[in-house]
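Undergrad: Sequence first, then the predicted structure, then my questions.
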Amino acid sequence: MPLAMIVKSKPLKRVLLILYYWPPSGGAGVHRWLKFVKYLPDFGWKPIVYVPSNPDYPLLDSRRLEEVPEGLEILRHPIWEPFSLYRKFTGKSQESLMDFGHLVNAGTYIEKGWRERLAIWIRGNIFIPDSRVFWTRPSVRFLEAYHRDHPFDAIITSGPPHSLHLTGLALKKRTGLPWLADFRDPWSEYFNSLMLSGFARNLHAKLEKNVLQAADKVVVIGRFMQQKHLESAGIQSELVMNGFDPEDYETTPKPIPDRAKLTLLYAGTLSRRRNCQAFWKALHTLVNEQPAFAEVIDVHIIGKADATVFAEIAAHNLEAYVRFTDFIPFQEVLFEQMHAGVLLLFVDNFEGAPWVLTGKFFEYLASNRPILALGPRGGDLEVELENTASGLFADFNDPGNIQTALWTFFNQYRDGSLFDYQNINTGKYSRKYLTSLIASFLNQIT
């Protein structure tokens, strides 16, 4: 009898997933666990999802609701978030969505006056580890009571927000349930732009270490984060990268890549820290020195962009070569990615950049278009780009390096080889395969 049939014939174990980002939230934070939830039953685990009933999501994509598995058990409990006070304090509309990523890109706000500076200081030094921390105690009480009547076999928390790991820590202590902590981003190193006091910085590090040492299994998305956990807490974490679901692309019409223009597409939030000044400088040089390049180049940015992006474009006189599209649903983004000539991937420029391996990279892989990745040399992204032969890497602080990469893609565009592109070794990034790893770790700790 096939193994899959044996697994399905057994009663499913119940795993509680404590999440913040969930449909109708948009953004990359949703995709990872929405896909794991889809495939966990294939590996013997029934997911029970716990999310806020009244979250303050920065992006909305109602089409993601269509991907929630039918019959999924979802628990909801109210959360209090301080963003309503922030809006009132800074004069923003109560209906306005919070800018995505603003909590780790505080420089944009610091320039706007004392109210924004004070708000950022409070965020960094009072709301530790993050502004969703007020959901921790109510969640522990609610879930402990629910567990008594509807027992779980294991718990999973996924952060950011990293306050969810504190919920997992408390439930672990109270119930003794096996607990897997999933880190989609670093913790204590990620908030250095929030004007942290020494006390706050030390508290972040202490809370993170407590979580790492108490969890029965720690999962991370990149190798550098693995190394950091080993150094800071002596913890050997498990690597489960982000990935892509082939089924998403099977339902998306396959466009023919644009040959009329050399379209460089960036899809996602282009924050202050992600805004690559060297890229705009390199683009400016080529546009002014190479008329043939200037005639065909088209930079298309889909998503929210920080004010510094527009400032860089204006400073380099690139307005005629860059166009913007606001946030659009995920399926439409996939279509645009497959239609582009080259996919741009910017990494946040900060001390933790080597361990950043954004989920966008894997979406790009599945789109099967060449990638121009701009980040730190020797980091996780450069390694995976080489492993998949999926494009070119350039140092995000080196305009000359970026210019060379752009010129290479331009020559491939001219001779037609750009349109014969094919990446390799992508099967290990399938969401179903990655879910099998999560299930194997759950089996180990139970």
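TA: That came through fine. Numbering: from 1, shown residues only.

Undergrad: For this protein, give me the ranges with low pLDDT.
TA: Residue ranges of the chain with pLDDT under 70: 1-9, 83-114, 116, 189-194.

Undergrad: can you give me the strands for it?
TA: Using DSSP state E, the strands of the chain run over 13-18, 45-52, 73-77, 154-159, 179-183, 217-220, 238-239, 262-267, 297-302, 322-325, 342-346, 371-375, 391-395.

Undergrad: Could you dump the ones you listed into a markdown table and include distance to residue 384 and mean neighbour count?
TA: Just so you know, the C-beta spots here come from the backbone N, C-alpha and C atoms, and that holds for glycine as well. Listed next are those as a markdown table, based on distance: least, Cβ to Cβ, whole Å; neighbours: other Cβ atoms under 10 Å:
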| stretch | distance to residue 384 | mean neighbour count |
| --- | --- | --- |
| strand 13-18 | 26 | 23 |
| strand 45-52 | 27 | 21 |
| strand 73-77 | 33 | 15 |
| strand 154-159 | 21 | 26 |
| strand 179-183 | 18 | 26 |
| strand 217-220 | 14 | 22 |
| strand 238-239 | 11 | 14 |
| strand 262-267 | 18 | 24 |
| strand 297-302 | 22 | 20 |
| strand 322-325 | 27 | 16 |
| strand 342-346 | 11 | 25 |
| strand 371-375 | 9 | 24 |
| strand 391-395 | 10 | 21 |
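
Undergrad: Make TSV from those strands and add distance to residue 136 to it.
TA: What follows is the strands of the chain, written out as TSV (distance: least, Cβ to Cβ, whole Å):
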stretch	distance to residue 136
strand 13-18	10
strand 45-52	12
strand 73-77	11
strand 154-159	11
strand 179-183	14
strand 217-220	19
strand 238-239	25
strand 262-267	33
strand 297-302	35
strand 322-325	37
strand 342-346	33
strand 371-375	34
strand 391-395	40
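
Undergrad: Of those strands, which is nearest residue 31?
TA: With Cβ to Cβ as the criterion, residue 31 lies closest to strand 154-159 of those, at 11.6 Å.

Undergrad: and the closest one, which strands flank it?
TA: Here strand 154-159 has these sheet partners by DSSP bridges: strand 13-18 (parallel), strand 179-183 (parallel).

Undergrad: can you list the residues that contact the longest one?
TA: Residues from elsewhere that reach strand 13-18 (Cβ atoms under 8 Å, 6 or more residues apart in numbering): 33, 36-37, 40, 44-50, 139, 143, 147, 150-158, 164, 167-168, 177, 442, 446.

Undergrad: at 7 Å instead, please
TA: Residues outside strand 13-18 that contact it (Cβ atoms under 7 Å, 6 or more residues apart in numbering) are 33, 37, 44-50, 143, 152-157, 164, 167-168, 442, 446.

Undergrad: So residue 308 sits against residue 273, correct?
TA: No: taking Cβ atoms under 7 Å as the definition, residue 308 is not a contact partner of residue 273, at 9.4 Å.

Undergrad: about what we covered before: could you point out which of the strands of the chain sits nearest residue 197?
TA: Of the strands of the chain, nearest to residue 197 by Cβ to Cβ is strand 154-159, at 22.0 Å.

Undergrad: List of residues touching the closest one?
TA: By Cβ under 7 Å, 6+ apart, strand 154-159 touches 15-19, 33, 164-165, 167-168, 171-172, 177-184, 442, 445-446.

Undergrad: Check stretch 201-220 too.
TA: 128-129, 165-166, 169, 172, 178-183, 187-188, 191, 226, 229, 232-233, 235, 237-240, 441, 444-445.

Undergrad: any idea where the helices of the stretch 151-300 of the chain begin and end?
TA: Ranges of helices within the stretch 151-300 of the chain are 163-175, 198-214, 223-233, 246-250, 277-289, 291-296, based on DSSP state H, counting those that start in this stretch.

Undergrad: I'd like a version of those in CSV, one that adds distance to residue 64 as further columns.
TA: Output for these, formatted as CSV (distance: least, Cβ to Cβ, whole Å):
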stretch, distance to residue 64
helix 163-175, 19
helix 198-214, 28
helix 223-233, 26
helix 246-250, 11
helix 277-289, 30
helix 291-296, 35
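
Undergrad: deepest of these, which one?
TA: The highest average neighbour count among these, using mean count of other Cβ atoms under 10 Å, belongs to helix 163-175 at a mean of 22.

Undergrad: That one packs against which elements?
TA: If contacts are counted by 3 or more Cβ pairs under 7 Å, 6 or more residues apart in numbering; DSSP states H and E, helix 163-175 sits against strand 13-18, helix 136-149, strand 154-159, strand 179-183, helix 198-214.

Undergrad: roughly how far is the fourth one from the heart of the chain?
TA: Distance, stretch centre to chain centre, for strand 179-183: 16 Å (Cα atoms, centre = their mean, to the nearest Å).

Undergrad: now the angle from that strand to helix 198-214?
TA: Angle of strand 179-183 versus helix 198-214, following axes from the mean of the first three to the mean of the last three Cα atoms, to 10 degrees, is 130 degrees.

Undergrad: what's strand 179-183 in contact with?
TA: Strand 179-183 is contacted from outside by 154-159, 165, 168, 172, 211, 215-220, 225, 441-442, 445, using Cβ under 7 Å, 6+ apart.

Undergrad: Quick check: chain neighbours aside, which residue is closest to residue 396?
TA: Nearest residue to residue 396 in three dimensions, chain neighbours excluded: residue 374, at 4.3 Å (Cβ to Cβ, 6 or more residues apart in numbering).

Undergrad: err, residue 165, not the other one
TA: Nearest residue to residue 165, sequence neighbours excluded (Cβ to Cβ, 6+ apart): residue 211, at 4.4 Å.
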